[in-house]
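Colleague: Got a sequence here, can you build the structure:
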Amino acid sequence: MVYHSSFVNEEGIAEACGCPLLPLKSHIKGPAPTSDPGGTDIVDEAITFFRANVFFRKFEVKSPADKLLIYLTLYINMALKRLDGCRTLAEGTKAIINLGLEKVPVPGEPGFPFGGLFAVPQSQQESELFRNYLKQVREETSGRLLSCAYRPNGTPNKWWLAFAKRKFMNIVIPT
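Modeller: Residues are numbered from 1 along each chain as shown. Alright, predicted model coming up:
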């Protein structure tokens, strides 16, 4: 059974491209509202559910937040593939920073993996809002993922990096 997001009926949350711009426990500047530091946000859910959800080829979307969960699951899979060859935390951090510097595609642009899942932006403003939100959520996910993928002594955690070999929803990720 696929794990779905608990952010089902979020009132007053802005949307872009049919995806809610959920609050994040983040210090990174961006369009996402800040959430309670003691609570759980969508990044926590994505990392917690990743190792179970990555095994599924189909994912039924039950709420708009599930779209973001699917996107983050694929992003975590992509990040783990980049971390797979890195033997130290310093190498992994460098690989993640390079991943963060890549251009973030939005629906309707080449390279966006979920064309039918997200609505195409209606304006340039919505496109930039969604791109900036995805960039912020990716940066936040990357930072938290490093603490899972590497042990406190800086060595790789094989129980996380083993999932780099999995294909989420049969999507081939270019390296």
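
Colleague: looking at the chain, which residue lies furthest from center?
Modeller: Largest separation from the mean C-alpha position in the chain: residue 153, at 25.3 Å (CA atoms, centre = their mean).

Colleague: do you know how far that residue is from residue 88?
Modeller: As judged by CB to CB, to the nearest Å, residue 153 and residue 88 stand 10 Å apart. For the C-beta atoms, the positions are set from N, CA and C on the backbone; glycine is no exception.

Colleague: repeat for residue 22
Modeller: Counting by CB to CB, the gap from residue 22 to residue 88 is 33 Å.

Colleague: higher neighbour count, the two?
Modeller: residue 22 (24 against 13; other CB atoms under 10 Å).

Colleague: now that one, what's its secondary structure?
Modeller: Here residue 22 is recorded as coil under DSSP: H, G, I helix; E, B strand; the rest coil.

Colleague: can you tell me how far the residue nearest to it when sequence neighbours are not counted sits from residue 94?
Modeller: In space, and not counting its chain neighbours, residue 22 is closest to residue 42: 4.7 Å by CB to CB, 6 or more residues apart in numbering. Going from residue 42 to residue 94 by CB to CB gives 26 Å.

Colleague: Those two: who's more crowded?
Modeller: Comparing residue 42 with residue 94 by other CB under 10 Å, the one with more neighbours is residue 42, at 25 against 13.

Colleague: show me what contacts that one?
Modeller: Applying CB atoms under 8 Å, 6 or more residues apart in numbering, we find residue 42 in contact with 5, 7, 22, 24, 65, 68, 69, 72, 137.

Colleague: Give me the nearest residue to the fourth one, chain neighbours excluded.
Modeller: With CB to CB, 6+ apart as the criterion, residue 24 has its nearest non-adjacent residue at 4.5 Å, and that residue is residue 32.

Colleague: so who does the one you found touch?
Modeller: Residue 32 sits next to 21, 22, 23, 24, 26, 133, 136, 137 when contact means CB under 8 Å, 6+ apart.
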